[in-house]
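# need the 3D shape of this:
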Amino acid sequence: MHCGDPVAGLRCAEEALVLSQGAGSVIGEGLAECTIGKALAAQTGRGEEACAHVMKGIGILEGIGAQYDLARAVLTEAQVRTMCGDPAAAATAEKAGALLHDCGLTKEHSVARALIAQLKAE
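Here you go, the predicted model:
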């Protein structure tokens, strides 16, 4: 996000969404939806809206077969669910970890493992 400022990050992500749609960039649209979701999750009371955007982004990425970006998006989903206190966060983090491992995305896989450990400790 935009230097830790979720409001500024949200504005940038919304702008990226408009630009992606205008350019016909389906992958850009999917990534922007996920980023919008993450920015919304950082704002109090917007968890449901945040999850909706992330799920829309995941659907787009899944639809075009963007395997690596999809794996990263599922990690974003797990992070958003964690931020919102959603009990499905742990299962989503496990799914993200498996997808990231399968894609060989070691940095992101480490993030997923840390999230899983955090959720187990709670």
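
# those helices in the chain, which residues are they?
Taking DSSP state H to define them, one finds helices in the chain at 6-23, 26-41, 47-63, 67-83, 89-103, 106-121.

# relative to G24, how far out is the residue nearest the centre of the chain?
Per Cα atoms, centre = their mean, the C-alpha nearest to the average position across the chain is that of T76, at 2.5 Å. Separation of T76 from G24 (Cβ to Cβ, to the nearest Å): 23 Å. Just so you know, the C-beta spots here come from the backbone N, C-alpha and C atoms, and that holds for glycine as well.

# over to K95?
30 Å.

# which of those two has more neighbours?
K95 (17 against 8; other Cβ atoms under 10 Å).

# and C84, what pLDDT?
Per-residue pLDDT puts C84 at 88.

# ditto for the one 10 residues further on
Reading off the per-residue confidence, E94 sits at a pLDDT of 98.

# need the contact list for the nearest residue to it once chain neighbours are set aside.
Leaving aside its sequence neighbours, E94 sits nearest to I116 (Cβ to Cβ, 6 or more residues apart in numbering; 6.3 Å). Taking Cβ atoms under 8 Å, 6 or more residues apart in numbering as the contact definition, I116 lies against A90, A93, E94, G97.

# if we go to 7 Å?
A93, E94, G97 (Cβ atoms under 7 Å, 6 or more residues apart in numbering).
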